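Novice: I need the structure of the sequence given here:
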Amino acid sequence: MARSLFSGVSGMRAHQDKMDVIANNIANMNTYGYKSGRVTFKESLYQTTKASSNGTDTYGGTNPSQVGYGSQVGTVDLMYSTGAYSPTDSSTDCMIDGNGFFVLGAKGGKVEVDSDPSVTSKHMESTVLSRVGNFEIDGDGYLVDGGGNVVYGYPDPKDTSYIQPLVVPYVDSSGNKVAAGTSGASPMKLNSISISSSGELTGTDSNGKVVTVGAIAVANVPNPNALEKTEGPYYTIRENTGDVEPQIPGEGTTGKLISNGLEMSNVDLAKEFSEMITTERGFQANSKIITVSDEMLEDLVNLKR
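Specialist: Take a look at the predicted model:
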């Protein structure tokens, strides 16, 4: 009797956790780059009331008898299918059409691409990853996202040996290119900024000459479910992701970029509402187990009056 009570409680808790994930999915149905969550259940522990035994010359073998104690949450997974394209009016907005993540971090960082993928993956741990490409060029000439993180890429698209923050070329008072941060220098004023499908960020200077700022990098993550979600659209690299490496968009298993738009949430409302109904019924059925078990205990107590 007590076991059925525990099973009912565990079932209610598991279904409540699933409802929490469903609620979060629906709340983020219009969040750019959001990946919907999925809950799987697993059986809880079992009490063996009779063990199995082998047969003898006289009698046959017997099977075990086990009584379960309900269910619990097995995993909470993120579904990384690509969301739909949502057009915007910003030429520096872009989405990844397929696998991969944008690489973001702090100014001054640099990630060396080693011949050993595991070494490169270790270097990548200093960065964060995102699927949201709402980028713009700030007052210092850096390509940044909506959270102020700078976007990493290849300053020279032909040199893929390292990635670092992308910044518009700096010029001195005479218009000569100098290193970013040079005293008295300022970022070049660019017009008609665009991002190609391979991540190349270009613009035109005051003389109409095309200037290449660099190429946005896309990180290949073999096991994205091993990433740890943090506040906002960011993911941090943890154990079991496999070797995380930066790539030119479209190379390896990464997707190409689509500019002038962002990736919509991949939440399927029809699926979420159907899951909500089955979860509610599961919660309701488990609550009935507790109610009936309580009535049976009441009958048992009332045997002695």
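Novice: can you name the residues in contact with the helix or strand hosting Ser118?
Specialist: Element membership for Ser118, per DSSP states H and E: helix 117-123. Outside helix 117-123, the residues that touch it by CB atoms under 8 Å, 6 or more residues apart in numbering are Val111, Glu112, Val113, Asp114, Ile237, Thr241, Gly242, Asp243, Val244, Glu245, Pro246. C-beta: built from backbone N, CA, C; applies to glycine.
Novice: what's the PyMOL syntax to select whichever of these are buried?
Specialist: Restricted to buried positions by 16 or more other CB atoms under 10 Å, the PyMOL selection for the contacts of helix 117-123 reads:
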select buried, resi 111+113+237+241+244+245+246
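Novice: tabulate the contacts of helix 117-123 (CSV), appending secondary structure, pLDDT and distance to Lys18.
Specialist: Shown next, in CSV, are the contacts of helix 117-123 (DSSP: H, G, I helix; E, B strand; the rest coil; pLDDT from 0 to 100; distance: CB to CB, whole Å):
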residue, secondary structure, pLDDT, distance to Lys18
Val111, strand, 96, 38
Glu112, strand, 96, 43
Val113, coil, 96, 41
Asp114, coil, 95, 42
Ile237, coil, 95, 28
Thr241, coil, 94, 25
Gly242, coil, 94, 28
Asp243, coil, 96, 33
Val244, coil, 96, 30
Glu245, strand, 96, 35
Pro246, strand, 97, 36
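Novice: can I get the contacts of helix 117-123 in JSON lines with distance to Ser126?
Specialist: Converted to JSON lines, the contacts of helix 117-123 look like this (distance: CB to CB, whole Å):
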{"residue": "Val111", "distance to Ser126": "7"}
{"residue": "Glu112", "distance to Ser126": "11"}
{"residue": "Val113", "distance to Ser126": "14"}
{"residue": "Asp114", "distance to Ser126": "14"}
{"residue": "Ile237", "distance to Ser126": "9"}
{"residue": "Thr241", "distance to Ser126": "14"}
{"residue": "Gly242", "distance to Ser126": "18"}
{"residue": "Asp243", "distance to Ser126": "16"}
{"residue": "Val244", "distance to Ser126": "12"}
{"residue": "Glu245", "distance to Ser126": "14"}
{"residue": "Pro246", "distance to Ser126": "12"}
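Novice: what's the next helix-or-strand element following the helix holding Ser118 packed up against?
Specialist: Going down the chain from helix 117-123, the next helix or strand is strand 128-130, by DSSP H and E. Helices and strands touching strand 128-130, as assessed by 3 or more CB pairs under 8 Å, 6 or more residues apart in numbering; DSSP states H and E, comprise strand 101-105, strand 234-236.
Novice: what's in contact with the following helix or strand past strand 128-130?
Specialist: Using DSSP H and E, the helix or strand that follows strand 128-130 in sequence is strand 136-137. Applying CB under 8 Å, 6+ apart, the external contacts of strand 136-137 come out as Ser90, Thr92, Leu143, Val144, Val168, Pro187, Leu190, Ile193.
Novice: give me the number of residues near Ile258?
Specialist: For Ile258, the neighbour count with other CB atoms under 10 Å is 19.
Novice: list the contacts of it.
Specialist: Contact partners of Ile258, counting by CB under 8 Å, 6+ apart, are Tyr85, Cys94, Met95, Asp97, Ser197.
Novice: may I have the beta-bridge partners of it?
Specialist: Counting by DSSP bridges, Ile258 is bridged to Met95.
Novice: okay, it and Met296: tell me how far apart.
Specialist: Going from Ile258 to Met296 by CB to CB, to the nearest Å gives 61 Å.
Novice: show the buried residues in the contacts of strand 136-137.
Specialist: Thr92, Leu143, Val144, Val168, Pro187, Leu190, Ile193.
Novice: with secondary structure as added columns, please give those in CSV.
Specialist: Listed next are those as CSV, based on DSSP: H, G, I helix; E, B strand; the rest coil:
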residue, secondary structure
Thr92, coil
Leu143, strand
Val144, strand
Val168, coil
Pro187, strand
Leu190, coil
Ile193, strand
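Novice: Gly203: which of these is nearest?
Specialist: Leu190 (3.1 Å; CB to CB).
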